[in-house]
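K.L.:
got a structure for you, letters missing:
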């Protein structure tokens, strides 16, 4: 898809994804990138980091419909990254997750329709599959809102979504925590040594969004086929890189955590389309016809399994080290 001369709105655009996708889009000769967020301090630092006249900053809150509506003026496309995404925060303040991740998304979808936005890509999470915590539940509901708007077919605006596994070195992720513990001569704190998590770079997160943007139809959800590792092996790889010998501290599984994460449920795996590096989950476009909804189904073969961080490609310590050593964050920490 040719995006030269087009304008993009990125909600929650001051985070790790926003900075990375901005740099990508600016190389594609877009007309404008509008960053919409409520944190003026982060906007200030991003403005100083990326000095380009095509980059503009709008203060606003995804929870406030009028500010979202105004931000959508004269935009062609939207990447929706604004979210409460820390599991502990959402567990203790679940209503805040509802306000941001669910009601905020509804504000954005309605504004996009009114402003005749061409396409919206929403950023979801592996925690939306079989959710057990408030963050995952709110993100699952975000996906349902997107699907409902797509099925109702009340607009020419296209809505699709991506599901991420863990993005390495993003804000709040485990790798910066482990490195900080190493630098402060503290033990690495591990909840469960056999807990597995997907491994995805920031660059790959942009690749996933751009694939959904170029290939997605309304209601589609895309995931990347990502490798994974155990927390024990991740900690060992980091200790090898930084030549750190202190024993790990096992603290036990925290509230809202899973032993492994899922990017696609068993039921979803029965109908995905293989896109090579990615899976596409097409929308279930059944309308609210009760006879069809209850009488027409599809038998799912027992051979299908959910796609999880336990059954995807598992990296060993050496492979994890190679991956980590290519990350800018690790390179900078090794220099300090």
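P.N.:
It's in. What you see is a predicted model, and the numbers here were worked out from it, not measured in a lab.
K.L.:
which residues in the stretch 201-336 of the chain form strands?
P.N.:
Listed in chain order, the strands of the stretch 201-336 of the chain (DSSP state E, counting those that start in this stretch) span residues 221-224, 228-230, 249-250, 262-264, 273-275, 278-281, 307-308.
K.L.:
Generate CSV for those strands, with distance to residue 25, mean pLDDT and mean neighbour count as supplementary columns.
P.N.:
C-beta: built from backbone N, CA, C; applies to glycine. Supplementary listing: these in CSV, determined by distance: least, CB to CB, whole Å; pLDDT from 0 to 100; neighbours: other CB atoms under 10 Å:
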stretch, distance to residue 25, mean pLDDT, mean neighbour count
strand 221-224, 18, 97, 24
strand 228-230, 29, 96, 23
strand 249-250, 42, 94, 12
strand 262-264, 25, 96, 25
strand 273-275, 22, 94, 12
strand 278-281, 20, 96, 20
strand 307-308, 29, 95, 23
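K.L.:
out of the ones you listed, which comes closest to residue 180?
P.N.:
Across the strands of the stretch 201-336 of the chain, the minimum distance to residue 180, taken as CB to CB, is reached by strand 249-250, at 14.1 Å.
K.L.:
Adjacent strands (with direction) for that closest one?
P.N.:
The strands that strand 249-250 pairs with in its sheet are strand 189-190 (parallel) (by DSSP bridges).
K.L.:
still on that earlier bit, among the strands of the stretch 201-336 of the chain, which comes closest to residue 69?
P.N.:
With CB to CB, the closest approach to residue 69 among the strands of the stretch 201-336 of the chain belongs to strand 221-224: 25.7 Å.
K.L.:
Give me the sheet partners of that closest one and which way each runs.
P.N.:
The pairing partners recorded for strand 221-224 under DSSP bridges are strand 158-164 (parallel), strand 278-281 (antiparallel).
K.L.:
could you redo the ones you listed as TSV and give each row distance to residue 231?
P.N.:
As requested, those are exported to TSV (distance: least, CB to CB, whole Å):
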stretch	distance to residue 231
strand 158-164	18
strand 278-281	25
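K.L.:
about what we covered before: please produce JSON lines containing the strands of the stretch 201-336 of the chain, extended by distance to residue 194.
P.N.:
Converted to JSON lines, the strands of the stretch 201-336 of the chain look like this (distance: least, CB to CB, whole Å):
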{"stretch": "strand 221-224", "distance to residue 194": "23"}
{"stretch": "strand 228-230", "distance to residue 194": "6"}
{"stretch": "strand 249-250", "distance to residue 194": "11"}
{"stretch": "strand 262-264", "distance to residue 194": "16"}
{"stretch": "strand 273-275", "distance to residue 194": "29"}
{"stretch": "strand 278-281", "distance to residue 194": "25"}
{"stretch": "strand 307-308", "distance to residue 194": "13"}
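K.L.:
who wins for proximity to residue 316 among these?
P.N.:
Evaluated over those, closeness to residue 316 peaks at strand 228-230, with 8.0 Å, by CB to CB.
K.L.:
Which strands or helices does the closest one pack on?
P.N.:
Judged by 3 or more CB pairs under 8 Å, 6 or more residues apart in numbering; DSSP states H and E, strand 228-230 is in contact with strand 196-198.
K.L.:
If you count contacts, what does the strand it packs on end up packed against?
P.N.:
With contacts taken as 3+ CB pairs under 8 Å, 6+ apart, strand 196-198 sits against strand 228-230, helix 231-241.
K.L.:
Mind putting these into CSV with distance to residue 7?
P.N.:
Formatted as CSV, those follow (distance: least, CB to CB, whole Å):
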stretch, distance to residue 7
strand 228-230, 37
helix 231-241, 39
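K.L.:
To residue 52, which of these lies closest?
P.N.:
Among those, the nearest to residue 52 by CB to CB is helix 231-241 (33.8 Å).
K.L.:
quick revisit: identify whichever of the strands paired with strand 221-224 lies nearest to residue 7.
P.N.:
Ranking these by proximity to residue 7 (CB to CB) places strand 158-164 first, at 16.2 Å.
K.L.:
Would you mind finding the most buried of the helices and strands packed on strand 196-198?
P.N.:
Across those, averaging neighbours per residue (mean count of other CB atoms under 10 Å) puts strand 228-230 on top, at a mean of 23.
K.L.:
Give me the contacts around that strand.
P.N.:
Identification of contacts with strand 228-230 by CB atoms under 8 Å, 6 or more residues apart in numbering yields 165, 193-199, 237, 260, 309-310, 312-315, 320.
K.L.:
try it again with 6 Å
P.N.:
194, 196, 198, 309, 312, 315, 320 (CB atoms under 6 Å, 6 or more residues apart in numbering).
K.L.:
Make CSV out of those and add distance to residue 170.
P.N.:
As requested, these are exported to CSV (distance: CB to CB, whole Å):
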residue, distance to residue 170
194, 23
196, 18
198, 12
309, 16
312, 19
315, 18
320, 17
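K.L.:
Out of the helices and strands packed on strand 196-198, flag the one nearest residue 331.
P.N.:
For residue 331, the closest of the helices and strands packed on strand 196-198 is helix 231-241, at 10.5 Å, according to CB to CB.
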